[in-house]
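**Student:** attaching a predicted model along with its sequence, questions to come.
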Amino acid sequence: MTVIYRETGQFKTTYASDQQLFPILQDRVFVIGFLVFAFGVLPFIGTEYLFLAIIIPFLILSLAAIGLNILVGYCGQVSLGTGAFMSIGAYSAYNLAVRVPDLNLLVVFILAGVFATIVGVLFGIPSLRIKGFYLAVATLAAQFFVDWLFARVKWFTNDSSSGNVSAPPLAIFGYAIQTPVQQYLLVLAIVCVFALIARNLTRGAIGRSWMATRDMDVAAEVIGIRPLHAKLSAFAVSSFFIGVAGALWAFIRLGSWEPLAFDVNRSFQLLFMVIIGGLGSILGSFLGAAFIVILPLALNQLPTALGIPLSTAMISHIEFMVFGALIVFFLIVEPHGLARLWAIGKEKLRLWPFPH
Amino acid sequence: MKSAFRIKAAALAVAVAAAVGGIAEVAAQSSNEIFVPVLVYRTGPYAPNGVPWADGFVDYLKLVNERDGGVNGVKIAYEECETGYATDRGVECYERLKSKKPVAFSPLSTGITYALTEKAPGDKIVLVTAGYGRADSVDGSVFQWNFPMMGTYWDGADILVQHVKKKGSLKGKKIALVYHDSPYGKEPIPVLEELAKREGFELIKLPVTHPGVEQKATWLQIRQQRPDYVFLWGWGVMNSTAIKEAISVSYSRSQIYGVWWAAAEPDVLPAEQAAKGYNGLAMGHSAEHDRPIHRDMIKYLYDKGKGTAAKKDEVGSVLYNRGMLSAMLTVEAIRKAQEKYGKRVVTGEEVRWGAENLNLDTARIKALGVEGMFQPLHTSCRDHGGVHKASIHTWDGSKWSYTSDMYESDAKLLRPMIEASSKKYAGEKNIPPRDCGKAS
Amino acid sequence: MSATQRNLTTAFFAILMVGAVSPMVVGDAKFGQWLEVVLGGLMSGVLYSLVAIGLVLIFKASGVFNFAQGAMVLFAALTLVRLMEKLPFIAALVLTLAIMVALAWFIERLVLRPLVNQEGIVLFMATLGVANFLDGFGQAVWGSDIYTLDIGMPKEPKILFEGTFEGGLLVNMEDAMAALIAGLLVAALWVFFQKTATGRALRAVADDHQAAQSIGIPLNRIWVIVWSVAGLVALVAGVIWGSKLGVQFSLSQIALKALPVVILGGFTSIPGAVIGGLIIGLGEKISEVYLGPMLGGGIENWFAYVLALIFLLFRPEGLFGEVRIDRV
């Protein structure tokens, strides 16, 4: 069995091959196989329920979690206003789609991310100049202000009397994006591209400057990393990702939304994903998102499966308790979350069945 | 060292188990039952109002199964899904329950209704939004799958103005609208603004942000501006907070009028005697406790320990009755569909036809056991609401009692607004409107 | 503190004062009405301070920013109101207090001790987890209805000075009582910290953990005591908020407002928490009543946070933060 995961015989002869994303052949095979499955096989065998209730929300929330992880996990800054940036992304995308109808959908999403970045940097600058977790307050300010802005200023909601807006029918390059499979493929493509970008950013100089600032900002400054620069870039990249995720969430997952869809509870939910999944790990963002999407569903099925009927209220309370307990548990036992558990598992697999 | 790893391995295993458990798709419903899911909230700031409504709804479905053996012999299966009044959780519940082939959804939230209005037509599921939802969805030629039965917020706003106008001309007066800052609260504003122009009163809009516990500034402004009437369009804890703040600024409760979702026991009981004189809209019913239907509830459910409510005296409260009537309308739509299509498990399309052709006259109302708490209702393609009447009931410190005649909303004012709004929606969504003349 | 900082702080307060008075000077607000808004604002500020004091206590003694303070307020209030259904008030109060002490012990043992050397951010997120857990646990055990907490607070307002002001001056008696109780609490805390041995030990721990340990102060027990005192403060806050609003889930969300309060007042100062709360409450109500109508209303939800954000620009340690010597 060990021969499956051994690296013996895999030599790197160029710098490029040494620095590639997945240096171990088995990893590459696994990832490529997974992508082939996701793009080529799943659309045909997946049910509508699977796409709409599980996979699409999972993918979009993973994107937002990657964004938040860049800020919290890689750069060590706590943000409680993720919902606001998703909201900005969503409403920017809506306004662009409605007011400039000929704009390509992908361009709309990118621009939505840009708007989120601009607002993020505006709110972030005051607090990023100081050490400590004052960014939490700044992002809370952004959260409540943005909530109010989109509820109050009618221009953003195209003068809708109810404050509720709905996305126009989606199409890219002439192809309509209506069925769950089409939506799934679009979201999957976007998330893969962004995950790749994130992974490369975190592996590169910028990522290292983030991690240096997180670990020991004084030493980082000594070796020439400008702390404001590092924190601001992390915040900007993070807001961009979250803005795009917000646009996707509104357009594809919800279809029709109001400001409360992105309130402070959404911010906390994303923070939980990042903590449980693993701070400072792209894989962790995915795992955390999967966990948070699936746990309520599992909690709903479990009591009936075990034969103990629970009221929906009790299930809701148990959800709160489980999340809270798990956060504390992971912070104590494994601060790097599910991702680290996964990595440890892989480590063990390299030696199995030998103990060392 | 080893035990640390074991703990971590256990954690990973639990996570994987949860993942597998969650992906397992829900078992298909028994093919001999009609599935009616209900989106409820039993937690969160809206729970005090959501719980009695949910209890009433579920109790009625249980009663139909217990007492009548189902609708024409076909039992009703139901499932609650907790939304906490959050739109995205409502959408999630909808997606999850869709695979069990539901025929009708009751979202109990205007926000969720807006979101599901996009999806229901494609999935062929009826949205029964009794007493809430989009006011323009009365127009069945555009909103084929929405049924805002018993009354919309535009009806309510118009009726409130009619009532206060009776006390004296409104010219030069001030009316303050204290509203929940959500689609629900904003819904009456177009009608009130139009009426303000026509009747000559000044409309003061005071939004209250979810969840609505911070209203001191709102009511200080009311104290300063001294409006003649306050219309309360709140939900959940916002209502009881509003009444308490009104007490604390000495604003007379008899000048406050709540919409039918802001005029129930959970709103006034926290203040009890001090809330005396508070008025609200009664959408055809109030807190009747002693109709045949309630006696049946006690006899078939509560005496056998199968009732949903925690306390038996919740049966017959305002919101319990409303939930019950919502369920009743759903069941009657199913029954009507079975009349035409056969006494079997009917599909969403068939129930849609049933909902569009409901004719609940006084005889049927009496047979259903809700005489005196339900107005005759007649739906059609043109009018998915069925009836647009309400009256006023007032809290006297310990119970509600009617304090006005039945009003009907002004169709000459509302119909053009409804059609303008639905036409705009049809244009945005590229919906080809049906010709109601030809609808079967 | 540099000269620029001092100048900016003075400027900030000058602007606040001008802003507060402007409705009368520039607008057409009458003095009586303005005074009512000021009083209302100050009193709601007192309520925010109550929650903030608990935050400050824990931060001073253990360096942990306790995000769960709001959840503790809700839990204490829920426990009290449900016990009061079966027991007389005093018995319920004592039992609730005991439960809060037990809670403090559990938190110290299960959450704080294993995380003892982690950075602030990790502890902050752990308290986030505790907050979530308490929310769910409290409601699972006690239910999620709105419970009326009736401790005999007066509900009807008093109208004073009817001769001087048009319509009289509205004074909310319940808020006035709340302010009184809060004042008593601060006084009691002052006595506790200054005059008792435990209080001195707490101050020692707040100053320097290691020095305190080296003279034999048991850190773990101190933390249990601090969290218990914070629990007591949460109980008082819960009683007052609950009596006013009814005990329900949203109580724990109101506690989010305590964050701007401690930013303004300083994380380690109880007088700062009080003054910060007053400023925030005042600012909120005045901006909502006078600025709100121009912007469509609903401002008070973000005003506190934006105010704190602006304050961060030039005085992040707060008014009474580490720069000054605290004595409570």
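**Tutor:** It's in. Since the model is a prediction, treat every value here as computed from it, not as a measurement.
**Student:** what helix or strand is the closest residue to A:V187 other than its chain neighbours on?
**Tutor:** Spatial nearest neighbour of A:V187, excluding adjacent residues (CB to CB, 6 or more residues apart in numbering or on different chains): A:L59 at 4.8 Å. Any C-beta I mention is one placed from the backbone N, CA and C, and that applies to glycine too. If you go by DSSP states H and E, A:L59 is part of helix A:56-69.
**Student:** how far does whatever helix or strand comes next after that helix sit from its chain's centre?
**Tutor:** Scanning forward in sequence from helix A:56-69 by DSSP H and E, the next helix or strand is helix A:82-99. Taking CA atoms, centre = their mean, to the nearest Å, one finds helix A:82-99 lying 17 Å from the centre of the chain it belongs to.
**Student:** okay, now the residue nearest to A:V187: neighbour count?
**Tutor:** Counted by other CB atoms under 10 Å in any protein chain shown, the residues lying close to A:L59 total 28.
**Student:** now the angle from the helix holding A:L59 to helix A:82-99?
**Tutor:** Counting by axes from the mean of the first three to the mean of the last three CA atoms, to 10 degrees, helix A:56-69 lies at 120 degrees to helix A:82-99.
**Student:** what's helix A:56-69 packed up against?
**Tutor:** Applying 3 or more CB pairs under 8 Å, 6 or more residues apart in numbering or on different chains; DSSP states H and E, one finds that helix A:56-69 contacts helix A:82-99, helix A:180-203, helix A:227-248, helix A:264-277, helix A:282-306.
**Student:** change it to 10 Å
**Tutor:** Helices and strands touching helix A:56-69, by 3 or more CB pairs under 10 Å, 6 or more residues apart in numbering or on different chains; DSSP states H and E, are helix A:82-99, helix A:180-203, helix A:227-248, helix A:264-277, helix A:282-306, helix B:87-98.
**Student:** mean neighbour count and mean pLDDT added to these, as CSV?
**Tutor:** As requested, those are arranged in CSV below (neighbours: other CB atoms under 10 Å in any protein chain shown; pLDDT from 0 to 100):
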stretch, mean neighbour count, mean pLDDT
helix A:82-99, 26, 93
helix A:180-203, 18, 91
helix A:227-248, 26, 92
helix A:264-277, 24, 89
helix A:282-306, 21, 83
helix B:87-98, 24, 85
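**Student:** which among these is found nearest to C:G143?
**Tutor:** Closest approach to C:G143 among the helices and strands packed on helix A:56-69 (CB to CB): helix A:282-306, 18.6 Å.
**Student:** and whatever residue of the stretch 251-400 of chain B ends up closest to chain C, what pLDDT?
**Tutor:** Of all residues in the stretch 251-400 of chain B, B:P270 sits closest to chain C, at 5.1 Å by CB to the nearest CB. Among the per-residue scores, B:P270 shows a pLDDT of 80.
**Student:** and B:S3, by the same measure?
**Tutor:** 51.
**Student:** now the helices for the stretch 1-150 of chain C?
**Tutor:** For the stretch 1-150 of chain C, the helices defined by DSSP state H, counting those that start in this stretch cover C:3-25, C:31-62, C:69-84, C:89-107, C:120-142.
**Student:** out of those helices, indicate the one that is most buried.
**Tutor:** Burial of the helices of the stretch 1-150 of chain C is given as mean neighbour count (mean count of other CB atoms under 10 Å in any protein chain shown); helix C:69-84 ranks first at a mean of 27.
**Student:** now it, how far from the chain's geometric center?
**Tutor:** Relative to its chain's centre, helix C:69-84 lies at 15 Å (CA atoms, centre = their mean).
**Student:** tilt between it and helix C:31-62?
**Tutor:** Helix C:69-84 runs at 100 degrees relative to helix C:31-62, counting by the same axes, to 10 degrees.
**Student:** is chain A contacted by helix C:69-84?
**Tutor:** Yes: looking at helix C:69-84 against chain A by CB under 10 Å from any CB of the partner chain, the contacts come from C:A71.
**Student:** quick check: mean pLDDT across that helix?
**Tutor:** 88.
**Student:** determine the angle, from 0 to 180 degrees, between the helix holding A:L59 and helix A:264-277.
**Tutor:** Per the same axes, to 10 degrees, the angle that helix A:56-69 makes with helix A:264-277 is 80 degrees.
**Student:** distance check, C:P316 against C:D207.
**Tutor:** For C:P316, the distance to C:D207 (CB to CB, to the nearest Å) stands at 21 Å.
**Student:** more neighbours, those two?
**Tutor:** Just comparing C:P316 and C:D207: by other CB under 10 Å the higher neighbour count belongs to C:P316, 21 against 11.
**Student:** correct me, but the more buried one touches C:V262?
**Tutor:** No: counting by CB atoms under 10 Å, C:P316 sits too far from C:V262 to count as a contact (11.6 Å).
**Student:** quick one: common contacting residues for these two?
**Tutor:** Listed as contacting both C:P316 and C:V262 by CB atoms under 10 Å, 6 or more residues apart in numbering or on different chains are A:V137, C:A308.
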